[in-house]
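[1] sequence unavailable; structure follows:
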Ligand code: AP5
């Protein structure tokens, strides 16, 4: 299955992407995870992206489009995938269309998670992520079994640099400004399905599964 998961920052894309990837055997591709890993490793890509990410701005389209084009241009490109955080602008959606066409792949569904800003702020302010495998947790809604330790790999948990209140406001503004064009693009292709992102993690997961199975 080939799926794009859209949604505001902190709406639960990463959380659901991990669960849905396992359920439907899809490769989880997160541009946020790729960029954060590049920053940690100090690569040229990471150095270029860091300033944008720290201030809550989008990394330039050309940079992320190149990451994705490279990933799908390789012989071991995934045939079944779930995109998390890409595309994010109309330019990226159009570029991804071209990448898929060249790879001979077709999208099945674009899932759009809906969540109001007040819930986003609650979720992001309590988020902790694993520094090793980037699994997201929440200190109240989804705590790890042992405080500050990842259930899956035992790695240390930490708050993300871009989860400060002022950066979150800027990320939300950015999201609302770029969303419309992209939604219209996928609506025209009859790929768009909306999912209510409010509710517990299992409830939102069940709603996503229902959309993907029908
Ligand atoms: P990215 O990492 O993609 O961040 P984002 O889109 O802002 O989304 P988040 O990772 O913040 O949240 P999420 O929706 O995955 O929520 P999560 O599951 O963690 O991008 C970061 C930055 O990289 C961008 O700002 C930009 O600079 C750059 N970037 C990345 N891609 C780019 C692109 N394509 N173009 C340009 N720039 C790009 O959940 C959040 C919290 O809520 C967690 O604590 C979780 O445990 C909890 N939670 C989840 N679901 C629930 C629930 N149902 N109930 C209660 N709590 C829940």
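    It's in. These numbers were taken from a predicted model, which means no experiment stands behind them.

[2] strands along this protein, start to end?
    2-6, 27-30, 81-84, 109-114, 127-130, 136-138, 157-158, 192-196 (DSSP state E).

[3] neighbours of the residue of the chain found nearest the ligand, how many?
    Per CB to the nearest ligand atom, residue 32 is where the chain lies closest to the ligand, at 1.9 Å. All C-beta atoms are positioned from the backbone trio N, CA, C, and that covers glycine. Residues lying near residue 32 (other CB atoms under 10 Å) number 20.

[4] residue numbers of the chain in contact with the ligand?
    Applying CB under 6 Å from any ligand atom, one finds that the chain approaches the ligand through 7, 9-15, 31-32, 35, 52-53, 56-59, 64, 85-86, 88, 92, 123, 126-127, 136-138, 141-142, 162, 171, 199-201, 204.

[5] what's the PyMOL syntax to select whichever of the residues you listed are buried?
    Remark: buried members of the residues of the chain next to the ligand, expressed as a PyMOL selection using 16 or more other CB atoms under 10 Å:
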select buried, resi 7+9+10+11+12+13+14+15+31+32+35+53+56+58+59+64+85+86+88+92+123+126+127+136+137+138+142+162+171+204
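
[6] name the residue most distant from the centre of this structure?
    The C-alpha centroid of the chain is most remote from residue 146, which lies 25.6 Å away (CA atoms, centre = their mean).

[7] got the contact list for stretch 73-81?
    1-3, 24-29, 71, 99, 102-103, 105 (CB atoms under 8 Å, 6 or more residues apart in numbering).

[8] nothing else from me, thank you.
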